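Undergrad: Coordinates only, no sequence provided:
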């Protein structure tokens, strides 16, 4: 692509919690996420308030040519106008903080949903829940039968 000084390039690898700063993470640890992907980055940028965004999929970072992670192009003038960020680092930190919060909320919602168990009308969920206990009972019965048949001889 041609050079445009109004664009900021944002890669998902900038937000990887498992990567060190030296290896390419551009945000603090408390603004980084686990398993960053282009979709999550796009939704976080939208939620922060960025509107002028272009998404490019299957593009690899020059330092990470083995992974086709994709990238976002963000308008720096649009970022300054919509969220008040004057440079790339502020934009990255705002996106990272929002993305981290989105991951925490999703994790809490999933844990709450699992703790509640299956819904009242969910027959498949209920049968799967019941079958776990029955499988263990079957194993115990079969091992008991083997022991009792062995003693009879």
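TA: Arrived safely. None of these values were measured; they are calculated from a predicted model. Residues are numbered from 1 along each chain as shown.

Undergrad: State the number of residues packed around residue 93.
TA: Summarising burial for residue 93: neighbours were counted as other Cβ atoms under 10 Å, giving 16. For every residue, glycine as well, the C-beta is placed using N, CA and C.

Undergrad: just checking, what packs against the helix or strand where it lies?
TA: Under the criterion of DSSP states H and E, residue 93 resides in helix 88-116. Applying 3 or more Cβ pairs under 8 Å, 6 or more residues apart in numbering; DSSP states H and E, we find helix 88-116 packed against strand 7-10, helix 38-48, helix 76-82.

Undergrad: Swap in 10 Å and give it another go.
TA: Contact partners of helix 88-116 among helices and strands, from 3 or more Cβ pairs under 10 Å, 6 or more residues apart in numbering; DSSP states H and E: strand 7-10, helix 38-48, strand 71-75, helix 76-82.

Undergrad: relative to helix 38-48, how tilted is it?
TA: 110 degrees (axes from the mean of the first three to the mean of the last three Cα atoms, to 10 degrees).

Undergrad: Distance from the chain centre to helix 88-116, please.
TA: Between the mean C-alpha point of helix 88-116 and the mean C-alpha point of its chain there is a distance of 8 Å (Cα atoms, centre = their mean, to the nearest Å).

Undergrad: Could you do stretch 74-89 as well?
TA: Using Cα atoms, centre = their mean, the offset of stretch 74-89 from its chain centre is 24 Å.

Undergrad: Tell me how the protein divides into domains.
TA: Domain ranges of the chain: 7-116, 126-153, per automatic domain parsing.

Undergrad: re earlier: state the mean pLDDT of the helix holding residue 93.
TA: pLDDT averaged over helix 88-116 equals 93, rounded to a whole number.

Undergrad: List the buried residues for it?
TA: Neighbour-count burial for helix 88-116, counted by 16 or more other Cβ atoms under 10 Å, picks out 88, 91-100, 103.

Undergrad: now, which of those residues sits nearest residue 16?
TA: For the buried residues of helix 88-116, the minimum distance to residue 16 (Cβ to Cβ) is 10.5 Å, reached by residue 96.

Undergrad: The closest one and residue 32, how far apart?
TA: Here residue 96 is placed at a distance of 6 Å from residue 32 (Cβ to Cβ, to the nearest Å).

Undergrad: can you list residues touching both of those two?
TA: With contacts defined as Cβ atoms under 10 Å, 6 or more residues apart in numbering, the residues adjacent to both residue 96 and residue 32 are 14-15, 17, 25-26.
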